[in-house]
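Asker: the sequence and its predicted three-dimensional model are supplied below.
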Amino acid sequence: MISAFSANAQNQCSSALVITAGTYTVDSIDGTEIPAPLCINSGNTNVDGGEWYTYTPAENLSLTISTDLPQNLGRDTRFHVYAGSCGALVCVGGDDDGGSGYLSVTTIEVTGGTPYTIAFDDRWEEVGFDFSLIENAPVPENIAFTSSPITVTGSTYAVVDMNDDQLDDVVSVGTSNININFQQPGTGFLATNFPTTTADFLASWSMAAGDIDGNGYNDLMYGGSGGVTFMKANNDGTAFTEVSFPQYVFCQRGNFVDINNDGNLDAFMCHDVDPNVFYLNDGSGNLSFNQGGLGDVADGGNYGSIWIDHDGDHDIDLFIAKCRGGQVLAAVDELHRNNGDGTFTNVAVEMGFSDYHQSWSSAWGDYDNDGDLDVMIGASSFTQGGHKLMRNDGNIFTNVTPGSGWDLFTGTSIEHTAHDFNNDGWIDVLTAGNTIMRNNHDMTFSPVSVSPGSGGIGDLNNDGFLDIQNNGVGWLNNGNNNHWLRINTLGTVSNRNGIGARVEVTSALGTQIRDVKSGDGFRYMSSLMAHFGLGDDSEVSQVTIYWPSGIVNVYSNPQIDTVLTLVEDFSTSVVVPDPATGFAIYPVPVEDVLYLTNTHGMGNRTVQVMDVAGKPILEASVNAGQIDVSDLKSGVYVLRIVINGETLNRKFVKR
């Protein structure tokens, strides 16, 4: 039982009584300062006094202020709630007659560490009463959409910036055409049709976008039921050239990603009935077919691939959602860890993903904002279990589905994607049955019914809130007052799109992370920009980008509520030694001399330098903690060294 504290509230704002959660008694309203401005528009006549309180929450929460208490039966109250300082108060809430009879109650969202002023006035009566302050978990912002027709031809698969103007466009494709609705600043869309030669394989299962030749215009990859077709944009973005591969591939999800980290964008495609395939880029935009090494189950079962950095080592890993069904290998999800030397190892068993499960896609995001990626693996069938929410603690994943809300959600879909739809700084999931599972900020989720189903996700009206394109309808996010920031990554040493980069944004909310990726969910292509909701935060202290090349760029105090295009440059990255060995190399990128930390006992030990494919390029001796790399050409390399019997690989960039 909450006890009532009898106290005479202070008569002026400047001497307001400091209170915390609890129940308080107002003996009478006889203060000398009248509350202003009015937060409740019910008149200011007959107001002669006020009583003032100040409250500062320890954390973000939902605060209820109420005189609607049994002991107040018959009373008539009114109060106002302010932020800001005395003499410059700003209304954030208040109530008159919102409770039983003429009593008052309101609930507002408050920010930890921010002082709030509560003032009662004598508009209706001066006699005393009790009031309560009740602290509850914060209520997330609502999520809703409004339809807006967008004329398309063919099937719509992509919301992505196709012409490098930092505005997301709408792409739909047919057998012999590509239709792009180019977003115009503040004026909607300009539809442009590009005739193409007949595609050997249509985008019947998936589509991905990325700039494979670095000319500033994104190319497209179609995943068909019989093979893979690429549509390459020319150097002025006025036409597309078809390139199809003859090999049979029963395509599912496809992605653009720099698989061998040579700075050139490659392509990956899930194969339903065979080992997966990928297409390596020779540096001039020419692709070569490869098969094996990235999911080699003989009869496939590969459906939803997504490239993310699951272990935070700043190279890109591969997760494959499987949907074969039955107690067979083709029904076991796969997690391929990037070893940093051009090879990958399936670590699904040790990471907790080795159970049989039927899924077409997975939604990866840092759902608890602790600095590593968690995952919701969405069930397409409940015959082998339901949805799985897996929490990453930095070392292993733990199934935390029970009690998360996902254990009660029975909708099934082939599409599950992770985005912050209400810009509160916490990642939600667009899932089955026209539902967004809203993040409750505590690793639990609540279903929100929305009008759009699955589709490409991006900002269709450049207002900073994520929209959804579904066939001929753009579902525009109604938004709210939350702040936001979108990062457009422009690689120089890395691939031009910056696909595979890890972007971190630090504000009062903490540090949020996003991986730049081409192809999430199952079928659709969504924006390549890294989108961050900021909630009430009005500034960002730092943006950090870990580029695939190994370059790290840090940007301080950037503008918010805008799109920032950040270019990969040669700023020297911070040296972070390996916690187990204390070993690191610097500077990265390097000009002529590479320095090593913790070289005790190395003497003139020989080390190897390899290219990203694992081919030895140079053998060099460690001399006073230094290695001469002046003879290397510009590019990405791996230094291999043995310390205390352990072979260590360190990636670096040579200018």
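Answerer: That came through fine.
Asker: so what's Leu329 closest to, chain neighbours aside?
Answerer: Ranked by CB to CB, 6 or more residues apart in numbering and with sequence neighbours excluded, the top spatial neighbour of Leu329 is Val297, at 4.9 Å. Yep, even glycine has a C-beta here, placed from its N, CA and C like the rest.
Asker: burial check on Asn395, number of neighbours?
Answerer: 9 (other CB atoms under 10 Å).
Asker: quick one on the thing from earlier: was I right about the residue nearest to Leu329 contacting Asp272?
Answerer: No: counting by CB atoms under 8 Å, Val297 stays clear of Asp272, with 10.9 Å between them.
Asker: so Ala330 sits in a helix?
Answerer: Yes: judged by DSSP: H, G, I helix; E, B strand; the rest coil, Ala330 forms part of a helix.
Asker: list the contacts for it?
Answerer: 297, 299-301, 322, 324 (CB atoms under 8 Å, 6 or more residues apart in numbering).
Asker: now the spatially most central residue of the chain. Nearest residue, chain neighbours left out?
Answerer: By CA atoms, centre = their mean, the chain has its centre lying nearest to Arg514, at 4.5 Å. Excluding the flanking residues, the one nearest Arg514 by CB to CB, 6+ apart is Ala530, at 4.1 Å.
Asker: beta partners of the one you found?
Answerer: Ala530 has these beta-bridge partners by DSSP bridges: Ile487.
Asker: what about it, neighbour count?
Answerer: Ala530: 26 neighbours (other CB under 10 Å).
Asker: pLDDT score for it?
Answerer: Looking at Ala530, its pLDDT reads 98.
Asker: quick one: Trp301 and Ala331 touch, right?
Answerer: Residue 301: Gly, not Trp. Yes: using CB under 8 Å, Gly301 is in contact with Ala331, at 6.1 Å.
Asker: more neighbours, these two?
Answerer: Gly301 (28 against 19).
Asker: residues contacting the more buried one?
Answerer: 272, 322-324, 328-331.
Asker: at 7 Å instead, please
Answerer: 322-324, 330-331 (CB atoms under 7 Å, 6 or more residues apart in numbering).
Asker: before we move on, the earlier item: what touches both of Gly301 and Ala331?
Answerer: 322, 324.
Asker: possible to save the contacts of Gly301 as JSON lines with pLDDT and distance to Asp262?
Answerer: Shown next, in JSON lines, are the contacts of Gly301 (pLDDT from 0 to 100; distance: CB to CB, whole Å):
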{"residue": "Lys322", "pLDDT": "91", "distance to Asp262": "29"}
{"residue": "Cys323", "pLDDT": "88", "distance to Asp262": "32"}
{"residue": "Arg324", "pLDDT": "84", "distance to Asp262": "33"}
{"residue": "Ala330", "pLDDT": "87", "distance to Asp262": "31"}
{"residue": "Ala331", "pLDDT": "89", "distance to Asp262": "34"}
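Asker: returning to what we had before: measure the residue nearest to the centre of the chain to Gly340 for me?
Answerer: 21 Å (CB to CB, to the nearest Å).
Asker: just Gly304 next, same as before
Answerer: Applying CB to CB to Gly304 and Gly340 gives a distance of 25 Å.
Asker: in this structure the residue nearest to Arg514 contacts Val503, no?
Answerer: Yes: using CB atoms under 7 Å, Ala530 is in contact with Val503, at 4.3 Å.
Asker: list residues touching both of those two?
Answerer: Joint contacts of Ala530 and Val503 (CB under 7 Å, 6+ apart) are 487, 489, 514, 516.
Asker: farthest-apart pair in these, please.
Answerer: Thr489 and Arg514 (10.0 Å; CB to CB).
Asker: anything in contact with each of those two?
Answerer: Going by CB under 7 Å, 6+ apart, residues that sit against Thr489 and also against Arg514 are 503, 530.
Asker: residue contacts, the residue nearest to Thr197 when sequence neighbours are not counted?
Answerer: For Thr197, the nearest residue in space outside its immediate sequence neighbours is Glu242; the separation is 4.8 Å by CB to CB, 6+ apart. Contacts of Glu242 were listed using CB under 7 Å, 6+ apart, and they are 196-197, 199, 229, 231.
Asker: and which of these is nearest Val160?
Answerer: Looking across the contacts of Glu242 and measuring by CB to CB, the closest to Val160 is Met231, at 13.2 Å.
Asker: which ones are touching the closest one?
Answerer: 178, 196, 219-220, 240, 242.
Asker: who wins for most neighbours among these?
Answerer: Leu220 (27 neighbours).
Asker: and the contacts of whatever helix or strand that one lives in?
Answerer: Leu220 belongs to strand 219-223 when elements are defined using DSSP states H and E. Residues from elsewhere that reach strand 219-223 (CB under 7 Å, 6+ apart): 199, 201-203, 205-212, 228-233, 251-252, 254, 256, 267, 269.
Asker: can you do 8 Å?
Answerer: Here strand 219-223 has contacts from 158, 171, 173, 178, 199, 201-213, 228-233, 240, 249, 251-254, 256, 267, 269-270, using CB under 8 Å, 6+ apart.
Asker: and the next element down the chain from that strand?
Answerer: strand 228-233.
Asker: can you give me how far that next one is from the chain middle?
Answerer: 28 Å (CA atoms, centre = their mean, to the nearest Å).
Asker: next, the angle from it to strand 219-223.
Answerer: 160 degrees (axes from the mean of the first three to the mean of the last three CA atoms, to 10 degrees).
Asker: can you list the strands that strand 228-233 pairs with?
Answerer: strand 219-223 (antiparallel), strand 240-244 (antiparallel).
Asker: how far does the first one sit from its chain's centre?
Answerer: Here the centre of mass of C-alpha atoms in strand 219-223, compared against the chain's by CA atoms, centre = their mean, lies 23 Å away.
Asker: in the stretch 51-200 of the chain, where is pLDDT below threshold?
Answerer: Across the stretch 51-200 of the chain, nothing is flagged by pLDDT under 70.
Asker: helix/strand/coil for Tyr82?
Answerer: Going by three-state DSSP: Tyr82 is strand.
Asker: what is the neighbour count of the closest residue in space to it that isn't next to it in sequence?
Answerer: Closest residue to Tyr82 apart from its sequence neighbours, by CB to CB, 6+ apart: Leu89 at 3.9 Å. When neighbours are counted by other CB under 10 Å, Leu89 registers 19.
Asker: would you agree Leu89 is in contact with Pro37?
Answerer: Yes: with contact defined as CB under 8 Å, Leu89 counts as touching Pro37 (6.9 Å).
Asker: count of residues packed around Gly99?
Answerer: For Gly99, using other CB under 10 Å, the count is 18.
Asker: ok, it to Phe129 distance?
Answerer: 11 Å.
Asker: what touches both of the two?
Answerer: Thr67.
Asker: sketch out the low-pLDDT regions of this structure for me.
Answerer: Checking the chain against pLDDT under 70 turns up 1-9, 41, 571-582, 598-604.
Asker: show me where the protein has its helices.
Answerer: 348-351 (DSSP state H).
Asker: so what's the residue nearest to Asn72 when sequence neighbours are not counted up against?
Answerer: The shortest distance from Asn72 to any non-neighbouring residue, by CB to CB, 6+ apart, is to Phe129 (4.7 Å). Neighbouring residues of Phe129 by CB under 8 Å, 6+ apart: 25-26, 67, 69, 71-72, 75, 77.
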